[in-house]
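Student: Starting from these lines, generate the structure:
(chains A and B)
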Amino acid sequence: MRIQIVGVGCSACHQMEADVKAVVSEQGLEAAIERVDDPLEIVQMGIISVPRLIVDGRLMQFRYRGRKSIEGILLSGK
Amino acid sequence: MATQITSTTHHPPSWLSAQRKWRLPALTLLIAICWVIIWTQLQNLADWLTFEVIGLVPETHLGESINFFLYDVPKILMLLAGMIFLVTFARSFFSPEKARAALGGKREGVGNVMAASLGVLTPFCSCSAVPLFIGFVESGIPLGVTFSFLIATPVVNEIALAMLFGLFGWKIAGLYLVTGLTIAILGGVIIGRLRPERYVEDFVWQIQVGQQGSDLEYNPSLDDRLREAAKATREIVGKVWPFVVIGIAIGAAIHGYVPENFLADVMGQDAWWSVPAAVILGIPLYSNAAGVIPIVYALMGKGAALGTVLAFMMSVVALSLPEVLILKRVIKTRLLVIFVGIVAFAIILTGYLFNLVIR
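Tutor: Below is the predicted model of the structure:
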């Protein structure tokens, strides 16, 4: 699984990154985690509000609110 | 392990799932009713605690100070919690993507009014400013309209609005909302007239925007919206309650001791220079509105004029250096200075307006 964390460095973005890493290691998921933090690259993806999560090239339809929301996204596709 | 994944092959009977469906909304309603009951009894509770339980004597400095503190802390915290919950719930129906879709193809004028209103309602983290700016510009929304949105978001702060409503009544809250919207609309119109395209960095025009981000179909359930609102409430109240308590403690400490018009000379209606001074002082300071309001409240109790204090609050909340500097990646310094200048000027005018109207 390829996880891209889209964020520009605000506190919510950092928190989401930490939560994703925690969920991945807790659940023993095999995932490559990348960070997309260049505003221009983000815009080129068509994203205008952050933080967002892209899994295997698909933008997830969710809003980040804590670790539970991350678990919901990462585990549902397993 | 926090969650267990279970396969749902077994479906509960329909009456049970109907019951589950209403559990969270019903709980919310119950909490709301308790909230209202406690809210109406706050003064009685504070009196009882101060004069019966602690046994202080009414109409003494110490008694009045403690009573003020015991009444105001729960009052402001409850107000804050209730309002943040309502606002977050309402905002879950809006998003920057929806705002962009709604503003696409709108001309200046109507577009500015809509952008300012959507700016107030849309949940939007300041670190999204750059992608949002480019995203708006790329989909053909005029720069002046984009600026109306960008000005409205910080100038009309929902927490400040809620607190003003709770502490000073609907007239002052309404005046705050209307002036904030007017600043955003006129600010955007003025910027639109200045041919601002010149001041936007060239690469912005060359960016090809992808399609992936159009998640307009994102539509959480009622339960999700309620949970999100509860989470935001816990988070914000959890973060600001120490400031609220300290602010009120200072207010309470000076309540019985410092004369009521102590600040009238420096921050009163007749000190004309105090409004611009308050705005300039507020620019380098940055705080959450919820942290400023108790200070505002304490200052006003001591003879500071509402307009002056409001100008200070708007400046602290709306004009923050880090937020402004983020935008420097996409717009040239000239436009940035115009943007800050217009907002600062408008806040100063608002301060004078309030000082003139409310006597």
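
Student: Same question for the helix of greatest length in chain B: list its buried residues.
Tutor: Ordering each helix of chain B by length in residues (DSSP state H) puts helix B:222-255 first. Of all the residues in helix B:222-255, those buried under the rule 16 or more other C-beta atoms under 10 Å in any protein chain shown are B:224-230, B:232-233, B:236-237, B:240-241, B:243-245, B:247-249, B:251-252, B:254-255. In short, each C-beta sits where N, CA and C put it, glycine included.

Student: Quick check: the gap between residue B:92 and residue B:323.
Tutor: 23 Å (C-beta to C-beta, to the nearest Å).

Student: Which one's more surrounded, those two?
Tutor: Neighbours per residue, other C-beta atoms under 10 Å in any protein chain shown: of residue B:92 and residue B:323, the larger number sits with residue B:92, 20 against 16.

Student: Quick check: which element contains the residue nearest the centre of chain A?
Tutor: With distances taken as C-alpha atoms, centre = their mean, residue A:53 lies nearest the centre of chain A, 3.1 Å away. Residue A:53 belongs to strand A:52-55 when elements are defined using DSSP states H and E.

Student: how far away is residue B:343 from chain A?
Tutor: For residue B:343, the distance to chain A equals 21 Å [C-beta to the nearest C-beta, to the nearest Å].

Student: wait, that residue sits on residue B:318?
Tutor: Yes - at 6.3 Å, residue B:343 counts as touching residue B:318 under the criterion of C-beta atoms under 8 Å.

Student: which regions of chain A lie under the pLDDT threshold?
Tutor: A:77-78 (pLDDT under 70).

Student: Could you pick out the longest helix of it?
Tutor: Chain A, longest helix under DSSP H: helix A:11-27.

Student: Next secondary structure element downstream of that helix?
Tutor: That would be, after helix A:11-27 and using DSSP H and E, strand A:32-36.

Student: Flag every buried residue along that next one.
Tutor: By 16+ other C-beta under 10 Å, the buried positions in strand A:32-36 come out as residue A:36.

Student: Please save the CA atoms from that strand in PDB.
Tutor: This file holds the C-alpha atoms of strand A:32-36, laid out as PDB (Å, rounded to 0.1, in the frame of the first residue of the first chain):
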ATOM      1  CA  ALA A  32       5.200   3.100   2.100                       C
ATOM      2  CA  ILE A  33       4.400   6.500   3.600                       C
ATOM      3  CA  GLU A  34       5.300   9.600   1.700                       C
ATOM      4  CA  ARG A  35       4.700  13.200   2.500                       C
ATOM      5  CA  VAL A  36       3.400  15.700  -0.100                       C
END
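
Student: which residues sit against it?
Tutor: Here strand A:32-36 makes contact (C-beta atoms under 8 Å, 6 or more residues apart in numbering or on different chains) with A:1-7, A:17, A:20-21, A:24, A:42, A:45, A:54.

Student: just checking, what packs against the helix or strand following it?
Tutor: Using DSSP H and E, the helix or strand that directly follows strand A:32-36 along the chain is helix A:39-44. If you count contacts as 3 or more C-beta pairs under 8 Å, 6 or more residues apart in numbering or on different chains; DSSP states H and E, helix A:39-44 packs onto helix B:129-138.

Student: quick one: the closest residue to residue B:158 other than its chain neighbours from chain A, how far?
Tutor: With C-beta to C-beta, 6 or more residues apart in numbering or on different chains as the criterion, residue B:158 has its nearest non-adjacent residue at 4.5 Å, and that residue is residue B:87. Per C-beta to the nearest C-beta, residue B:87 is found 15 Å from chain A.

Student: Over to residue B:87. Which of the three states is it?
Tutor: Of the three states, residue B:87 takes helix according to DSSP: H, G, I helix; E, B strand; the rest coil.

Student: Contact partners for the residue lying farthest from the centre of chain A?
Tutor: No residue in chain A sits farther from the centre than residue A:40, which is 17.6 Å out by C-alpha atoms, centre = their mean. Each residue near residue A:40 by C-beta under 8 Å, 6+ apart is listed here: B:134, B:203, B:207.

Student: can we see that at 7 Å?
Tutor: residue B:207 (C-beta atoms under 7 Å, 6 or more residues apart in numbering or on different chains).

Student: Ok, residue B:104 next?
Tutor: B:139, B:140, B:141.
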